[in-house]
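Asks: quick one, what's the 3D model for this:
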Amino acid sequence: MSEDKARAIGINHVALEVADIDAALAFYGRLFDFTLRGRGDRSAFIDLGDQFIALFKGESDAGDVGGHFGLVVDDPGKVRRKLEQMGVEILDGPGVDFHDPWGNYWQMVTYGQIQFMKTPAVMRAMGIDDLEKTEAAKREIADRGFAES
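Replies: Next up is the predicted model:
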């Protein structure tokens, strides 16, 4: 580990540019159960347990062509069904990937398949303490030295 560099230790928030804050809150509110942390004229903040999404009003609807946002969800199938009901195109592939109305590219990721872990207290507070990691995720966590002792 380098003494002269800071270590990146996690994601605090993701900022997305949208053309209309009210429309964005309505769109995401149809997809996800969320708590609004705060709201301004040109911004809104949606809680994700111990993290958050920041929405900022942009000047255009031009989407980012290369970037994407991987959101961890308890059930990607629920997101797929809701997107289908809303008439939102789901991109080809094995997952649930889509562009929101402002061109932001979203990927739905299952908690059980990723290497980050929430503490038991955070999971209890979020009502997700029944979620389990897959064996592959558990091995990856252990291989990286992140397993609880």
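
Asks: show me where this protein has strands.
Replies: Per DSSP state E, the chain carries strands over the ranges 13-18, 35-39, 43-48, 51-57, 69-73, 96-99, 105-110.

Asks: now the ones you listed in JSON lines, with distance to Phe116, mean neighbour count and mean pLDDT?
Replies: Just so you know, the C-beta spots here come from the backbone N, C-alpha and C atoms, and that holds for glycine as well. Formatted as JSON lines, the strands of the chain follow (distance: least, Cβ to Cβ, whole Å; neighbours: other Cβ atoms under 10 Å; pLDDT from 0 to 100):
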{"stretch": "strand 13-18", "distance to Phe116": "14", "mean neighbour count": "18", "mean pLDDT": "88"}
{"stretch": "strand 35-39", "distance to Phe116": "21", "mean neighbour count": "12", "mean pLDDT": "93"}
{"stretch": "strand 43-48", "distance to Phe116": "12", "mean neighbour count": "18", "mean pLDDT": "91"}
{"stretch": "strand 51-57", "distance to Phe116": "10", "mean neighbour count": "18", "mean pLDDT": "90"}
{"stretch": "strand 69-73", "distance to Phe116": "8", "mean neighbour count": "16", "mean pLDDT": "86"}
{"stretch": "strand 96-99", "distance to Phe116": "19", "mean neighbour count": "19", "mean pLDDT": "92"}
{"stretch": "strand 105-110", "distance to Phe116": "10", "mean neighbour count": "18", "mean pLDDT": "88"}
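
Asks: got a markdown table for these, with distance to Ile128 too?
Replies: What follows is the strands of the chain, written out as a markdown table (distance: least, Cβ to Cβ, whole Å):
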| stretch | distance to Ile128 |
| --- | --- |
| strand 13-18 | 19 |
| strand 35-39 | 14 |
| strand 43-48 | 11 |
| strand 51-57 | 13 |
| strand 69-73 | 10 |
| strand 96-99 | 18 |
| strand 105-110 | 12 |
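
Asks: and these: which comes nearest Met126?
Replies: strand 43-48 (8.8 Å; Cβ to Cβ).

Asks: contact partners for the residue nearest to the spatial centre of the chain?
Replies: Using Cα atoms, centre = their mean, the residue of the chain that lies closest to the mean C-alpha position is Leu71, 2.3 Å off. With contact set as Cβ atoms under 8 Å, 6 or more residues apart in numbering, Leu71 has these partners: Leu48, Trp106, Gln107, Met108, Val109.
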